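Model the structure of this input:
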Amino acid sequence: MRLNETDLAIFNNKTAYINTFDRLKMLATSIFEWEGLDEIGGDSRFMELTLFDYGRAVFVKDDTLGFMNLKVNPSDKLNVYNLPTKVIAWSVGYSKEFNFDDVVYIHNNVIDKPTSDIALEYAKRIYEVMRTTDINVIAQKTPTLLEGDPKTKLTIMNAYEQFTGNMPVIIGNKDYELNKHINAIKTDAPYLVDRLDDHLHDLWNDFITFLGINNANTDKRERLITSEVESNDDLVNYYLNCFYKFRKKACDEINNKFFNGKEKVRVMLNKDVVDLLKLNESAIFGDEDPEKTEVNEVIDNG
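All right, here's what the predicted structure looks like:
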């Protein structure tokens, strides 16, 4: 079935939006690695997806199924710190209530905000720029409007099809005398692709900075003064720590609650992210003496 122009535009819009969101989601859920979680019965992939989608997760020990990390909903009343006294741990085919003290409640960040909320916002903004770029490119290809009365609609559509299909010659009907029934109007659409591409790049950089990845302005870093680069580095590390410290806290609680303090589970940065940051974990999270930490960052002041 062939789509008309309106349906095709809607399909392209939805596809661009979904693909953009999926790219952001894959990136956001690849920042951290959970070492040891899979080995004890959990699932590190599901952990990051849960935190991305819901902003919170829970680690439990089921009497029959053993250790699991699951989605979680508060149950019963809250305590004075606005934490639940009981929780419902759940996933597909599983739902069970636990006392809060018997589980490890895992926060995505200090306000339990799903990363998906931010990703949805940026996906929309990025996709709008991408689709606007597509339209502007097409406008360069077809900088002409054809107008005529309703009886000429099919003829106009056929002419446009030939034009947008890169046909060097548009075939008309001599007897119909197209020049008397169809007028061509120049749109003179400005070329905006380069400016739109810069804006697209800025949106990507903003989202990546929010995730704590310091690719910020790598294409123009040589034009930044040292203070500007260092200011951005501070912001990147701050955002990254917002996500990291609660995952680190969860690992400590899992190890203490279920394994008598033995380090069975730990969280770390994905090695590829470390390479992007060009920093080691202690430089970011302050786990070691800063004077002993090397920061492999070269800033060219031009």
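
So what touches the strand ranked longest in the chain?
As assigned by DSSP state E, the longest strand anywhere in the chain is strand 66-78. The contact list for strand 66-78 (C-beta atoms under 8 Å, 6 or more residues apart in numbering) reads 37, 40-43, 46-47, 50, 54, 56-62, 84-91, 94, 97, 105-106, 258. For glycine as for every other residue, the C-beta is placed from the backbone atoms N, C-alpha and C.

Quick check: buried residues in it?
Neighbour-count burial for strand 66-78 flags Phe67, Met68, Asn69, Leu70, Lys71, Val72, Pro74 (criterion: 16 or more other C-beta atoms under 10 Å).

So in that sheet, which strands flank the helix or strand that that strand is followed by, and in what orientation?
Using DSSP states H and E, the helix or strand that directly follows strand 66-78 along the chain is strand 84-91. Note on strand 84-91: by DSSP bridges, its sheet partners are strand 66-78 (antiparallel), strand 94-99 (antiparallel).

Show me where this structure has its helices.
Applying DSSP state H to the chain gives helices spanning 5-28, 44-54, 115-141, 153-164, 178-181, 193-211, 226-258, 271-277, 281-285.

Please report how far Asp194 lies from Arg125.
Note on Asp194: its distance to Arg125, by C-beta to C-beta, to the nearest Å, is 18 Å.

Check the buried residues of strand 66-78 against Asn214 and report the nearest one.
Among those, Asn69 lies closest to Asn214 (C-beta to C-beta), at 28.6 Å.

hang on, the earlier thing: so which of the strands paired with strand 84-91 is nearest Gly212?
strand 66-78 (21.7 Å).

if you skip the residues just before and after it, what's nearest to Val129?
Leu200 (4.7 Å; C-beta to C-beta, 6 or more residues apart in numbering).

How much space separates that neighbour from Thr20?
The gap separating Leu200 from Thr20 is 10 Å, by C-beta to C-beta.
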